[in-house]
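A.B. asks: show me the folded form of this:
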Amino acid sequence: MRLSRQTLDRLPEGVGKPDYDPARLSIGIVHLGIGAFHRAHQAVFTDAVLASDPSWGICGVSLRSPDTRDALQPQDGLYTLKIQDGEGERLQMIGSVVELLCAPENPEAVLARMAHPATRIVSLTITEKGYCHNPATGMLDENHPDIVHDLENPQRPRSAIGFIVEALARRVTAGIAPFTLLSCDNLPSNGHVLKRVVTRFAELRSTDLAGLAQSITSPSTMVDRIVPATTDSDRQAIAASLGLEDAWPIMTEPFRQWVIEDDFPLGRPAWQEAGVVFADDVAAFEMMKLRLLNGSHSTLAYLGYLAGAETVAEAMALPGMEALIAGLMREEASPTLPPLSGLDLAAYRADLLRRFRNPRLRHRTWQIAMDGSQKLPQRLLGTIRDRLKAGKPYDRLALGVAAWMRYARGLDEQGRAIDVRDPHAARIAGLVRDLVEPERIVDAYLTMQDIFDADLAANAAFREALVKALAQLFEAGSAATLRAYA
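C.D. replies: Model (predicted):
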């Protein structure tokens, strides 16, 4: 029997259930990019406060594939959240997702929902590449195929940016106030980046729309929770525990964090009651997370994958890996961070290492390795740039970048093909796949100035550090390179 509102009363004792009636929810949030992270994070925070205000139900929109809609619609949007660590696990039903739409199949339904007066927040987890921007500059990529399409076909957009601007245009025509935009992706100043690309896209459509886009609020946020991809064995285990089929449960860790700038003219859920921190400026929190957690995660993923580690926990067990990651965070990344009042940075770093070691989270290194060309500027290159300015070493950071270069080349240490998932995978393969000399490989990558800006690409010390690290990976391999840190 399938999980649904009708079968909630069949759940075993000990499984958490919504403390509200999911059937009585109305929609106040449209979320673009309803993937696993949103369902483990923002949807969970929202679920926790719906009993006091049921007007904040979520319409989840898939911008590419119908898979999530097809899995959850027969379940009335319900799904299981499995929270697990070395001490055990617990199951919780999440009911905050009221409606599911697939944008490519019915863009008009998505636009109508976004333009509806009850929609007061449009939130996003579309990954870095979904912003159709240049990661090195933060500006809209006006030649991106989806942007070109959406400017020519504003009524049938493909990109999140195109949907946002068309929905805003419809709202202003109907005399409805603009919604708040809420980016929940791992981008520095994500709210500012989102507003910048939306405003530029609107400007390309018309000067009137540019003025409207400039007036919207787009608070920045910092989000944190580790969410592995769900496997068939996860689904089988959940079915055995529930006695019900759940087509798409979510696996996650106990830790969760959400910091938001509090700027919501049309109101917001009482997220503070679920543990959200509202701050005047999230930049310091955001930088801490990007440079410590995300930078370490990427470094660990590329080195771990190359050394044969399938999961983060397996990668952490490789001789030298934990010492490398701890040193990267403590000695190279932490000195670049602004002051964080009231935060014990050493305790935060120790907690990250503990989270990475979580044996019950099978977070695949291959999953973290995706879209590296979009992630590198925020996670590693900004930190390196600050270390260069300070005249300080950055050998571990350079090793992380070199490991990405080795991985993205598309061949592992045994010469087997790697399934590289990256918007620039074909471009990278064309540049470097047939090269074998580290110097030539590095020089080819440095021509990609949408990743390595001109100043960084021209820095001789940076180039030398990358060549040295990449040569070591080719000559000794990832595992032996790591053992030097043990």
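A.B. asks: what packs against the helix or strand of the chain with the lowest mean pLDDT?
C.D. replies: One helix or strand of the chain scores below all others by mean pLDDT, DSSP states H and E: helix 207-215, with a mean of 88. Helix 207-215 sits against helix 160-173, helix 190-205, with contacts defined as 3 or more CB pairs under 8 Å, 6 or more residues apart in numbering; DSSP states H and E. Glycine gets a C-beta too; all of them are placed from N, C-alpha and C.
A.B. asks: and those helices as TSV, adding mean pLDDT?
C.D. replies: TSV is the format used below for the helices and strands packed on helix 207-215 (pLDDT from 0 to 100):
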stretch	mean pLDDT
helix 160-173	97
helix 190-205	96
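A.B. asks: let me see the contact set for A309.
C.D. replies: Counting by CB atoms under 8 Å, 6 or more residues apart in numbering, A309 touches A315, A317, L318, T365.
A.B. asks: got the CA coordinates for the least confident helix or strand of the chain in PDB?
C.D. replies: These are the backbone C-alpha positions of helix 207-215, laid out as PDB (Å, rounded to 0.1, in the frame of the first residue of the first chain):
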ATOM      1  CA  THR A 207      13.100  49.000 -19.100                       C
ATOM      2  CA  ASP A 208       9.800  48.900 -17.200                       C
ATOM      3  CA  LEU A 209      10.400  45.400 -16.000                       C
ATOM      4  CA  ALA A 210      14.000  46.300 -15.000                       C
ATOM      5  CA  GLY A 211      12.600  48.900 -12.600                       C
ATOM      6  CA  LEU A 212      10.200  46.300 -11.100                       C
ATOM      7  CA  ALA A 213      12.800  43.700 -10.700                       C
ATOM      8  CA  GLN A 214      15.100  46.200  -9.000                       C
ATOM      9  CA  SER A 215      12.400  46.900  -6.400                       C
END
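A.B. asks: report the buried residues of it.
C.D. replies: For helix 207-215, a neighbour-count test (16 or more other CB atoms under 10 Å) marks L209, A210, L212, A213 as buried.
A.B. asks: can you name the two of those that sit furthest apart?
C.D. replies: Spatially, the most separated pair among these is A210 and L212, at 7.3 Å (CB to CB).
A.B. asks: between those two, which contacts overlap?
C.D. replies: A202.
A.B. asks: picking up where we left off before, now the angle between helix 190-205 and the least confident helix or strand of the chain, please.
C.D. replies: Counting by axes from the mean of the first three to the mean of the last three CA atoms, to 10 degrees, helix 207-215 lies at 170 degrees to helix 190-205.
A.B. asks: and the next helix or strand past helix 207-215?
C.D. replies: Going down the chain from helix 207-215, the next helix or strand is strand 221-224, by DSSP states H and E.
A.B. asks: coming back round to it: out of the contacts of A309, the closest to H38 would be?
C.D. replies: Nearest to H38 out of the contacts of A309 is T365 (CB to CB; 22.2 Å).
A.B. asks: ok, that closest one - contacts?
C.D. replies: L300, A301, Y302, G304, Y305, A309, E310, T311, V312, A315.
A.B. asks: for Q472, see how far away the residue nearest to the third one when sequence neighbours are not counted is.
C.D. replies: To tie it back to what came earlier, the one meant is Y302. Nearest in space to Y302, with sequence neighbours left out and distances taken as CB to CB, 6 or more residues apart in numbering, is A403 at 3.6 Å. Per CB to CB, to the nearest Å, A403 is found 10 Å from Q472.
A.B. asks: next, the residue nearest to Y302: secondary structure please.
C.D. replies: helix (DSSP: H, G, I helix; E, B strand; the rest coil).
A.B. asks: pLDDT of the helix or strand hosting G295, averaged?
C.D. replies: In this assignment (DSSP H and E), G295 forms part of helix 295-306. On average, the pLDDT along helix 295-306 is 98.
A.B. asks: re earlier: tell me which of the helices and strands packed on helix 207-215 sits nearest to A118.
C.D. replies: Ranking the helices and strands packed on helix 207-215 by proximity to A118 (CB to CB) places helix 160-173 first, at 11.8 Å.
A.B. asks: what residues sit buried inside that closest one?
C.D. replies: Buried positions in helix 160-173, judged by neighbour count with 16+ other CB under 10 Å: 160-172.
A.B. asks: and these as a markdown table, adding distance to L242?
C.D. replies: Listed next are those as a markdown table, based on distance: CB to CB, whole Å:
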| residue | distance to L242 |
| --- | --- |
| A160 | 34 |
| I161 | 39 |
| G162 | 39 |
| F163 | 35 |
| I164 | 37 |
| V165 | 42 |
| E166 | 40 |
| A167 | 37 |
| L168 | 41 |
| A169 | 44 |
| R170 | 41 |
| R171 | 41 |
| V172 | 46 |
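A.B. asks: check those residues and tell me the two furthest apart.
C.D. replies: A160 and V172 (18.9 Å).
A.B. asks: go ahead and confirm P377 touches A136.
C.D. replies: Yes: using CB atoms under 8 Å, P377 is in contact with A136, at 5.5 Å.
A.B. asks: those two: who's more crowded?
C.D. replies: P377 (23 against 18; other CB atoms under 10 Å).
A.B. asks: and for the more buried one, nearest residue in space, chain neighbours not counted?
C.D. replies: In space, and not counting its chain neighbours, P377 is closest to P135: 4.5 Å by CB to CB, 6+ apart.
A.B. asks: which strand or helix spans that neighbour?
C.D. replies: Using DSSP H and E, P135 sits in no helix or strand.
A.B. asks: pLDDT value on it, please?
C.D. replies: Confidence score, pLDDT, at P135: 87.
A.B. asks: so what's it up against?
C.D. replies: Per CB under 8 Å, 6+ apart, neighbours of P135: E128, S373, Q374, L376, P377, Q378, D450, I451.
A.B. asks: looking at these, which are in strands?
C.D. replies: Using DSSP state E, no member of the contacts of P135 sits in strands.
A.B. asks: could you list which of these belong to helices?
C.D. replies: Per DSSP state H, helices hold the following members of these: S373, Q374, L376.
A.B. asks: S189: which of these is nearest?
C.D. replies: Using CB to CB, Q374 is the member of the ones in helices among the contacts of P135 that lies nearest S189, at 15.6 Å.
A.B. asks: what's around the closest one, how many residues?
C.D. replies: 23.
A.B. asks: how far away is it from A425?
C.D. replies: From Q374 to A425 the distance is 12 Å (CB to CB).
A.B. asks: can you check L353 too?
C.D. replies: 31 Å.
A.B. asks: compare those two (neighbour count), which wins?
C.D. replies: A425 (18 against 14).
A.B. asks: check contacts around that one.
C.D. replies: By CB under 8 Å, 6+ apart, the residues touching A425 are A408, G410.
A.B. asks: repeat that for the one 3 residues further on.
C.D. replies: Under the criterion of CB under 8 Å, 6+ apart, the contact partners of I428 comprise S373, A408, R409, G410, V420, D422, Y445, M448.
A.B. asks: per-residue confidence for it?
C.D. replies: We have a pLDDT of 97 for I428.
A.B. asks: following the helix or strand containing it, which helix or strand comes up?
C.D. replies: Following DSSP H and E, one finds I428 within helix 425-432. Under the assignment DSSP H and E, the closest C-terminal helix or strand after helix 425-432 is helix 438-445.
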